[in-house]
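Asks: take a look and give me a structure for this.
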Amino acid sequence: MSSSTFDPRSFGAQADGQSDDTAALQAAIDQAAERGGRVLLSDGTFCSGTLYLKSRVTLEIVSGAVLEALPNLDRFPFIEPATPSRMDTVAWRAFLYACDADGIVLRGDGEIHGRGDHPIFKEDLKGNDPRRPYGIHFVNCRNIRVEGLRLRNSAFWMQRYLNCQGVTLRGLDVWNHAETRNNDGCDIDGCRDVVVSDCRIDSTDDALCLKSEGAHLCENVTITNCILASFASPLKFGTGSVGGFRNITVSNLVIRPSDCPECHHVFKAMGGLSGIDIGCVDGGFFEYVTISNIAMRGVESVLFMKLGERLSTNLHQGPFPAPPDASPGTMRHVKFSQITADDVGPYPCILVGYEGNAIQDIRLTDVTIQMGHASREQPAWEVDLGSKLYPVNRIFNSLMPAYGIYAAHIEGLRLRDVTLRPATGESRPAIGLQHVKRVAMTGIDTPNDRDNDIVVREGTDVMIDGSPAN
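Replies: Have a look, this model is predicted:
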C-alpha cells in the first residue's frame, strides 16, 4: 500500500459490522486530506456515523467492502446550513458530508448503505424531518466525482449536491426504498457543470431530480444513458425553482416501473406518476432544455409540465415568508424528441401555464404514446389549473379533456410526427388545447378523424398540416 493510501484499520477500525468505526474512518480521512491521498475500504463492513469528507480525498470502497450507517442518531450531529435555500431553514443530518471542498472522489464497486430501514430512522418521522440523515450531502463543493458504487437505502434522500460546480456521477447503482418518505435517488440542487451518466436509479420517491431551491441556478447539465424507476417521478425538475434552470440536455434514458415489491409512497403510483415531471412554481425560470431519445413504460403520464405561482410556500413544513424579490417564473424554449411510451395513463401529457403567464416555445417531435389505462367517464373541459398548488399530475383528476396531450396557456407550441393510441374503452379525443396561441401541428397520427381527435377551445393561430383548425 502506497504512502498516500490510508487503511482505516491502521487507525483502529474493526470492519466487523458491529463496532463503531467512526473515529478511525475520520482519522484516515483527515490524514488523506493533509497529503492529498486515498482512503481504502476493503474486506468488511465499516459502521460509522457522520463522516466529514475534505478536499483532495479519494474514498475508495472496493468489492467486498461496505460502509454502513450506524443505527444511532447520536452519531449523526445536526449540521447548520452553509447555504440558505427554501429547504435549508433548519439544520440537517448526513452520513457523508462535505462543505467548501475541492476534488473529492468517491469510487469503487463496493457499497454505501444508509440503514434507512432501521427502526431508529423511521419511528415517528414524517415528511422532511431533519432527524433523518441524507446519504451523501455535498454543499458548495467543486470538482466532485462519484463513480461505480452501489448506494443503498438512505434514511432520507440518497444524494444531494447543493451549489456545487463540476460534478460527475457515473456508473452508480442506486436503490433507495427504506420504509420512510422522501427516499429520492439523487438530487442536484443549484449546481453547475454537471454530468450524470450510466446510472441505474430505483427509488420510492423521485429517482433523478434537478432542483433550484435557492438563489443558485441549476445549469450546464448533461444526463445520459441511465435507467430510472420510481413510485413518484423518475425524472423530475423542481419543485423548487427559485433560482432557475438553464442549458440542460437529457438523452438516452429508459424509464420503467420500480423493481421494489412494496410501494411506500403516499400516492401509491405503482408505475410512477410522471415519467418526465417539470414544475416551475417557485419563481425562477426553465429555459433552453432539450430532452431526447426516451423509452418509458407504466407511468401515469408521460410528461407533466407545470408553470405556477406557489412561490416559496413549502407544503411539507408549512409556509414561510417568500423572499422579497419572489415573482412568478417563466418556461420557454424546451424541446422533446424521440419519445416512446407504452402502457401509460390515464393522464395525458400535461403542459399548462395559467392565465396571464403562458408557457412559451415548446416542441414535441417524433413522439409515440400507447395508452394502457382509459378514463371511462365524461371528460371535463373546465379544468382548475391549480396555479398555487403543489405541482403533480394528481392535482387534476383523470377526466382531463384528452387522453394523449392536453395543453393550456401556451404561446408557441409545435407538434410534429406525433402518434397517439388510446386504451381500450377510451372516449376522450387525442389532443385537447385551451387558451393557446401560435400552434402548429404536422404529422399527427390518431385513430379517428381530425375533427374528433383534435379539439381546440379558445385558440388563436392554430394550424394543422398547414390549415387552420376548426
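Asks: got the contact list for residue 245?
Replies: Taking Cβ atoms under 8 Å, 6 or more residues apart in numbering as the criterion, residue 245 is in contact with 210, 212, 217-219, 237, 280, 284-287, 289. C-beta here means a position set from N, CA and C on the backbone, and glycine is covered the same way.
Asks: so it versus residue 278, what's the distance?
Replies: As for residue 245, its distance to residue 278 is 9 Å (criterion: Cβ to Cβ, to the nearest Å).
Asks: ditto for residue 97
Replies: 30 Å.
Asks: those two: which is more packed in?
Replies: residue 278 (27 against 21; other Cβ atoms under 10 Å).
Asks: quick check: phi and psi at residue 10.
Replies: Torsion angles at residue 10 (phi, psi; degrees, to the nearest 10) stand at phi -70, psi -20.
Asks: quickly list what residue 249 is bridged to.
Replies: Legend: beta-bridge partners of residue 249 under DSSP bridges are residue 222, residue 290.
Asks: test my guess that it contacts residue 293.
Replies: No. The pair residue 249 / residue 293 is not scored as a contact, 10.8 Å apart, by Cβ atoms under 8 Å.
Asks: between the contacts of residue 245, which sits nearest residue 360?
Replies: Nearest to residue 360 among the contacts of residue 245 is residue 287, at 9.0 Å by Cβ to Cβ.
Asks: thought the closest one was touching residue 307?
Replies: No. Using Cβ under 8 Å as the test, residue 287 is too far from residue 307 to be in contact (11.6 Å).
Asks: shared neighbours of the two, anything?
Replies: Contact criterion Cβ under 8 Å, 6+ apart; residues shared by residue 287 and residue 307: 330-331.
Asks: so which of those two has more stuff around it?
Replies: Comparing residue 287 with residue 307 by other Cβ under 10 Å, the one with more neighbours is residue 307, at 29 against 20.
Asks: of the contacts of residue 245 - the most surrounded one?
Replies: Sorting these by how many neighbours each has (other Cβ under 10 Å) puts residue 212 first, at 32 neighbours.
Asks: tally of neighbours for the closest residue to that residue other than its chain neighbours?
Replies: On the basis of Cβ to Cβ, 6 or more residues apart in numbering, the spatially nearest residue to residue 212 that is not a chain neighbour turns out to be residue 243, at 3.9 Å. Residue 243 is flanked by 24 other residues according to other Cβ under 10 Å.
Asks: swap in residue 5?
Replies: When neighbours are counted by other Cβ under 10 Å, residue 5 registers 14.
Asks: re earlier: between residue 245 and residue 278, which contacts overlap?
Replies: Jointly contacting residue 245 and residue 278 under the rule Cβ under 8 Å, 6+ apart are 237, 286.
Asks: correct me, but residue 206 touches residue 237?
Replies: No. Applying Cβ under 8 Å, one finds residue 206 not in contact with residue 237, separated by 9.9 Å.
Asks: common neighbours of those two, please.
Replies: Counting by Cβ under 8 Å, 6+ apart, the common neighbours of residue 206 and residue 237 are residue 277.
Asks: where along this structure do the helices fall?
Replies: In the chain, the helices defined using DSSP state H lie at 22-35, 450-453.
Asks: least reliable of these by average pLDDT, please.
Replies: Lowest mean pLDDT of the helices of the chain: helix 450-453, a mean of 79.
Asks: then that helix to PDB, C-alphas only?
Replies: Written as PDB, here are the backbone C-alpha positions of helix 450-453 (Å, rounded to 0.1, in the frame of the first residue of the first chain):
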ATOM      1  CA  ARG A 450     -59.100  15.200 -37.200                       C
ATOM      2  CA  ASP A 451     -62.300  16.900 -36.100                       C
ATOM      3  CA  ASN A 452     -63.000  14.300 -33.500                       C
ATOM      4  CA  ASP A 453     -59.500  13.700 -32.200                       C
END
